[in-house]
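Q: Any chance you can model this:
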Amino acid sequence: MKPPSEDQRATAANPTPGSQTGAETGAGVASPGPARTEPAGGNGRPLPASVLTPPPPAPSPHLDDYRTIIGQAQLDDLHFLARDLKGKSIKMVNSTAVGGGVAEMLNRLVPLLSELEVPTHWEVITGGNDFFEVTKAFHNALHGSSYELTKAAQEIFLTYNEKNRERLQFGEEMVVIHDPQPVGLIRSRDKTRASWVWRCHIDLSNPDAHVWEFLRPFVEQYDAAIFSSPSFARQLPIPQYLFYPCIDPLSEKNKELPDALVQKICDEFGIDRSRPIVTQVSRFDRLKDPVGVVQAYKLAKKYVDCQLVLAGGGASDDPEGAAVLQEVKEAAGNDRDIIILDLPPWCALEINAIQRASTIVVQKSLKEGFGLTVTEALWKGKPTIAGAVGGIPNQIIHKLTGVLVHSVEGCAFQIRYLLTHPDFAKHIGASGRDHVKENFLMTTNLKRWLLLFRILARAKSRRAVPR
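A: This next block holds a predicted model:
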């Protein structure tokens, strides 16, 4: 079994041989479908033809390609940690092959682990629209929204988890289940030799009590849980670990780009680089508050000239995206300086160029597990404004690596301030890049996985020794 390649992600096939695609099962795994003609912004500009077709897959980087970024010593550390794990395998399971930070991280992590001779397999669960509507409601509820947990919703969740449990095989030494959607797969634990880990990427600091009490008995059966921030940890009878999410500095979304390419992409989208550009990159999700970003831009625009770019799309396990996109368009109205880009999932290069062209990047989330779009912006040295929620304060140290905000008015003030204080904006942008290099790159994440695998393997071997 292999991880999804770039072309597999573009067509949204399930990432392991023999699996059904989302189109076959109604799994909510997005497929490209027909050419998209949605307007790119409130002014009715269409998406350029260049983004309507998936590009050829970019070659995956190898470990040696990171040497110029992290140095030889850190590469040597990775090879040393993997030495005793060679031949031992890992299975990663999540809910979507495209869209969202989890899929992006797995797309890079899986081949790097395999290059270190720790074979790593990636499976994507399947499910109908009813399942993903329930799991989206769970997602919102775990972030603190109220939700009436009905018996029907519980049965839908359990039924699809059971179907996936029957479909998947777990012959590896470590199984990692990502987020709540497939948490019920733990019922296969007793039939395997594996150590089971639940990797939670969302903010559990204030969950809806009913949903958490429904999910908690599953979580407690795992050998360990991983959270993205200390504040997300729960009272559990199992070990808990802190793993910051990460970005790949060599991916299409984060690699260095020639200015000519940045200019070409901006021209295609109607973005004027001669004027300040304020950008938010995220799914069209109410918890990302894109309408609030429009409101903040309109307040700031009274004092400073700027354009607003809202660039994103939908995740295949998020059925609310179309409704939120419509709300954003209505909030934008006829303002020709608001450019709304509903992009296909393969537009990583375009996102990269837009972020690099931006004067300021915003991530005004109301709830956030971590916010990898913040990490991406910081890595590019961009002064970044973000909501003081979830894992974002782990990345943005206020007025040092970026600025944190709590309201529409606060966001508008910071847009105005950074646009009128370019030296301060440049300083925090540089500090933000250094912070990412130290803490949030894929190679650091790879090191954490190797350390955890060694810890769990040793603990399992000790339990196996007869007394």
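Q: from here on, contacts and neighbour counts on C-alpha atoms
A: OK.
Q: what are the ranges of the strands in this structure?
A: 90-94, 120-124, 174-178, 195-199, 224-227, 240-242, 277-281, 307-312, 338-342, 360-363, 384-387, 403-405 (DSSP state E).
Q: Which one, of those, ends up nearest to residue 436?
A: Proximity of the strands of the chain to residue 436 was assessed by C-alpha to C-alpha; the nearest stretch is strand 384-387, lying at 12.8 Å.
Q: and the closest one, what other elements does it pack with?
A: For strand 384-387, the elements it packs on are strand 360-363, helix 372-379, strand 403-405, helix 408-420, judged by 3 or more C-alpha pairs under 8 Å, 6 or more residues apart in numbering; DSSP states H and E.
Q: residues contacting the residue nearest the centre of the chain?
A: Using C-alpha atoms, centre = their mean, the residue of the chain that lies closest to the mean C-alpha position is residue 101, 1.3 Å off. Contacts of residue 101 were listed using C-alpha atoms under 8 Å, 6 or more residues apart in numbering, and they are residue 372.
Q: ok, 10 Å please
A: Residue 101 makes contacts with 107, 201, 245, 246, 247, 315, 370, 371, 372, 373, as judged by C-alpha atoms under 10 Å, 6 or more residues apart in numbering.
Q: domains in the chain, as residue ranges please.
A: For the chain, the structural domains run 6-28+81-246+441-459, 259-439, going by automatic domain parsing.
Q: and the longest one, how far out from the chain's middle?
A: Meaning domain 6-28+81-246+441-459. If you compare the mean C-alpha spot of domain 6-28+81-246+441-459 with that of the full chain, they lie 13 Å apart, counting by C-alpha atoms, centre = their mean, to the nearest Å.
Q: residue boundaries of the helices in the stretch 101-250 of the chain?
A: 101-115, 129-142, 151-167, 209-219 (DSSP state H, counting those that start in this stretch).
Q: Serialize those to TSV and add fields for distance to residue 439.
A: Formatted as TSV, the entries for these read as follows, by distance: least, C-alpha to C-alpha, whole Å:
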stretch	distance to residue 439
helix 101-115	15
helix 129-142	26
helix 151-167	34
helix 209-219	27
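Q: Quick check: buried residues in stretch 411-423?
A: Residues 411, 412, 413, 414, 415, 416, 418, 419 are the ones in stretch 411-423 that count as buried (16 or more other C-alpha atoms under 10 Å).
Q: By mean pLDDT, flag the weakest helix or strand of this structure.
A: Taking mean pLDDT, DSSP states H and E as the measure, the helices and strands of the chain show their lowest mean at helix 22-25, namely a mean of 28.
Q: So residue 413 is in contact with residue 300, correct?
A: Yes - counting by C-alpha atoms under 10 Å, residue 300 is a contact partner of residue 413 at 6.7 Å.
Q: Regarding the chain, what is its longest helix?
A: For the chain, the helix reaching the highest residue count under DSSP state H is reported as helix 442-464.
Q: Just list what that helix packs against, helices and strands only.
A: In terms of contacts (3 or more C-alpha pairs under 10 Å, 6 or more residues apart in numbering; DSSP states H and E), helix 442-464 is packed against helix 67-70, helix 72-82, helix 101-115, strand 174-178, strand 195-199, strand 240-242, helix 422-439.
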